[in-house]
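Peer 1: got a predicted model here, sequence first, then my questions.
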Amino acid sequence: MLFGDQGSGKTFLCKIIQDLIDPNLVGVQTFPSNEKDLVIAANHSHILFYDNMRDIKPSMADKLCIAATGGHLTARRLYTDCELQTHRLHVALVLNGIHSFLNQPDLSQRSLPLQLLSIDEKNRCSETELLLEFQTDLPAIFRGLLDLTAEILKHLPSVEVSSPERMYDFSQWLAAMEKVEGVPPDVYQTEYSNALNEGMLDSLLDNLLASAVMSFITDGHRNRWSGTPRELLSELNTLVGNRSRYSKDWPQTASALSKRLKPLQAGLRRQGIEIEFGRGKHRNITIINLEAF
């Protein structure tokens, strides 16, 4: 995920990555509106680039999660009644944009957010000139990456991961890279974890319900709150006010509140907020501010 203001070189960086991994005529595209177009694009490229992102619908965010870790999508085969067609969905993606579009905690755990700095006007040059310099240096750059990859693969089976993340294979790769480059153990892994934490926090703050829960338990100086989903919804409604209460992103019933909280559990736990669901005669929700203990 590449974030940056206008003039920070987001699209150009995509072109550089593409030339290194999968040079083709497709290049940087606009984000597809449905999963079918995403699957077709994924099956014809080693890496996909999507430009000028503004927002990702929850349904498409789920498909991006599948694309990152690998999976299959099925649909009815055309001109048949009961035959299935299965499509493999597993591809690397690069998404860039000015706006904060990473608003799903589950997707943020599978992403590496990078913030690009704006290029000062005095330091700018034409894209043609930059591409010419890059093409001149490309053989040396590519050889260096291949040599580094070969050394990492030699150490990969024996390294120990000290800061495991959800994308465990990438944490393992970073552990091997630390060994190859002779840096202290856990340096790259810690940077990766910090980047994930920042990306996760941004996605939670952009989520109306998650940000309300964080304010409810931290700004209110509460260490622990427990009650029914109906009671929690009433408390949160008072906190956010009428404008947010009638948003399509806000739960209108106690049942909807419970359903929307469950996908946020892992992200909130990472920020020191534990949500527990209890069942008995009455359903119960407990929110704990872990940093207070």
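Peer 2: Perfect, thanks for sending it.
Peer 1: what about the residue nearest to Leu78 when sequence neighbours are not counted, neighbour count?
Peer 2: Excluding its sequence neighbours, the residue lying closest to Leu78 (CB to CB, 6 or more residues apart in numbering) is Gln85, at 7.9 Å. The way it works is simple: take the backbone N, C-alpha and C, and place the C-beta from them, glycine included. Gln85 has 11 neighbours, counted by other CB atoms under 10 Å.
Peer 1: what does Tyr192 give?
Peer 2: The number of residues packed near Tyr192 is 18, by other CB under 10 Å.
Peer 1: ok, it to Lys262 distance?
Peer 2: Using CB to CB, to the nearest Å, we find Tyr192 at a distance of 26 Å from Lys262.
Peer 1: residues in contact with the spatially closest residue to Asn103 that is not a sequence neighbour?
Peer 2: Leaving aside its chain neighbours, Asn103 sits nearest to Asp206 (4.0 Å; criterion: CB to CB, 6+ apart). Neighbour list for Asp206: Ser100, Leu102, Asn103 [criterion: CB atoms under 8 Å, 6 or more residues apart in numbering].
Peer 1: can you give me the helices for the stretch 101-250 of the chain?
Peer 2: For the stretch 101-250 of the chain, the helices defined by DSSP state H, counting those that start in this stretch occupy 105-108, 127-155, 168-181, 187-205, 208-214, 229-240, 242-245.
Peer 1: may I see the buried residues of the first one?
Peer 2: In other words, helix 105-108. Judged by neighbour count (16 or more other CB atoms under 10 Å), helix 105-108 contains these buried residues: Pro105, Asp106, Leu107, Ser108.
Peer 1: likewise the last one?
Peer 2: Of the residues in helix 242-245, Ser244, Arg245 count as buried by neighbour count, 16+ other CB under 10 Å.
Peer 1: next, the angle from whichever helix or strand comes after it to helix 229-240.
Peer 2: Scanning forward in sequence from helix 242-245 by DSSP states H and E, the next helix or strand is helix 254-261. Using axes from the mean of the first three to the mean of the last three CA atoms, to 10 degrees, the direction of helix 254-261 lies 70 degrees away from that of helix 229-240.
Peer 1: quick check: mean pLDDT across helix 254-261?
Peer 2: What helix 254-261 shows for mean pLDDT is 92.
Peer 1: from the contact counts, what lies against that helix?
Peer 2: Under the contact criterion of 3 or more CB pairs under 8 Å, 6 or more residues apart in numbering; DSSP states H and E, helix 254-261 touches helix 208-214, helix 229-240, strand 273-278.
Peer 1: the longest one packs against which elements?
Peer 2: If I follow you right, that is helix 229-240. helix 208-214, strand 224-227, helix 254-261, strand 284-289.
Peer 1: quick one: contacts of that helix?
Peer 2: Counting by CB under 8 Å, 6+ apart, 208-209, 212-213, 215-216, 225, 227, 245, 250-251, 253-255, 257-258, 283, 285, 287 sit against helix 229-240.
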